[in-house]
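In: using only what follows, build the 3D model:
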Amino acid sequence: MSDKPFIIGVAGGTSSGKTTIAERLADSMGADELALVKLDSYYISRTEQPMEERAAANYDHPSAFDWDLLNEHLDELLNWRPAPVPTYDYTIHDRTDIVEVVRPARIVVVEGILVLWNTELRNQFDLKVFVDTPADLRFIRRLERDVVERGRTQESIISQYLATVRPSHEDFIEPSRAHADVIIPEGGLNRPALDVLMARVREIVN
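Out: Now for the predicted structure:
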């Protein structure tokens, strides 16, 4: 195929609902029509660091991600080639040996907190979406998620939020909303906005 896939970037703060939107789009369209790439897969490898150092790292800062690899993989998908995407284990703060092959599709969604921050990546997007959810709701969602899914204590989550998550949101993530074409309040809970986005995606495919 010679035509370029349609690329959508979905950004927003931690636990804003951006993942819900991206995954609902993916479920609605199917793997043959939509390829989903998550920024969280591109956390840098920390194999050489001791666990204490890994746990203390700022995972919401741009330096936490392997932008070169992500842009390289997006270029593969843009040229209708599969991309060998790494997987990340939050319990050990490091990549695993597992590689997920993401196959090219007519629609490619790139989702993550900072996908509108990186200029090279952002310039590839045909549609830029920012999910805007109040900070208190995002914090509550993150607290519940990290306790249940990642086995963390409330104390460690609160400490990390105050030390790195909130400052990085204010310095990098929130300013990136200025690049968005569409701003969706409340994330996946905003059903009308999600329906509009899904309708646009179906138009592109058809």
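In: which stretches of the chain form strands?
Out: Assigned strands in the chain, in chain order: 6-12, 34-38, 83-89, 94-102, 107-111, 127-132, 182-185 (criterion: DSSP state E).
In: okay, the ones you listed in a markdown table with mean pLDDT and distance to Leu70 next?
Out: To be clear about C-beta, it is placed using only N, CA and C from the backbone, and glycine gets the same treatment. Formatted as a markdown table, those follow (pLDDT from 0 to 100; distance: least, CB to CB, whole Å):
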| stretch | mean pLDDT | distance to Leu70 |
| --- | --- | --- |
| strand 6-12 | 96 | 11 |
| strand 34-38 | 96 | 8 |
| strand 83-89 | 94 | 9 |
| strand 94-102 | 93 | 11 |
| strand 107-111 | 97 | 8 |
| strand 127-132 | 95 | 16 |
| strand 182-185 | 91 | 22 |
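In: most neighbours per residue, which of those strands?
Out: strand 6-12 (a mean of 26; mean count of other CB atoms under 10 Å).
In: next, the angle from that one to strand 107-111.
Out: 20 degrees (axes from the mean of the first three to the mean of the last three CA atoms, to 10 degrees).
In: before we move on, back to that, okay if I get the strands of the chain as CSV plus distance to His73?
Out: Output for those, formatted as CSV (distance: least, CB to CB, whole Å):
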stretch, distance to His73
strand 6-12, 12
strand 34-38, 7
strand 83-89, 4
strand 94-102, 8
strand 107-111, 10
strand 127-132, 19
strand 182-185, 24
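In: so which of these comes closest to Val148?
Out: Closest approach to Val148 among the strands of the chain is made by strand 83-89 (16.2 Å; CB to CB).
In: and the angle for that closest one with strand 94-102?
Out: 150 degrees.
In: which other helices and strands contact strand 83-89?
Out: helix 67-78, strand 94-102 (3 or more CB pairs under 8 Å, 6 or more residues apart in numbering; DSSP states H and E).
In: give me the sheet partners of that strand and which way each runs.
Out: If you go by DSSP bridges, strand 83-89 pairs up with strand 94-102 (antiparallel).
In: any idea how far the partner strand is from the chain center?
Out: 16 Å (CA atoms, centre = their mean, to the nearest Å).
In: cool, and stretch 145-154?
Out: With CA atoms, centre = their mean, you get 19 Å for stretch 145-154.
In: kind regards, and thank you for your time.
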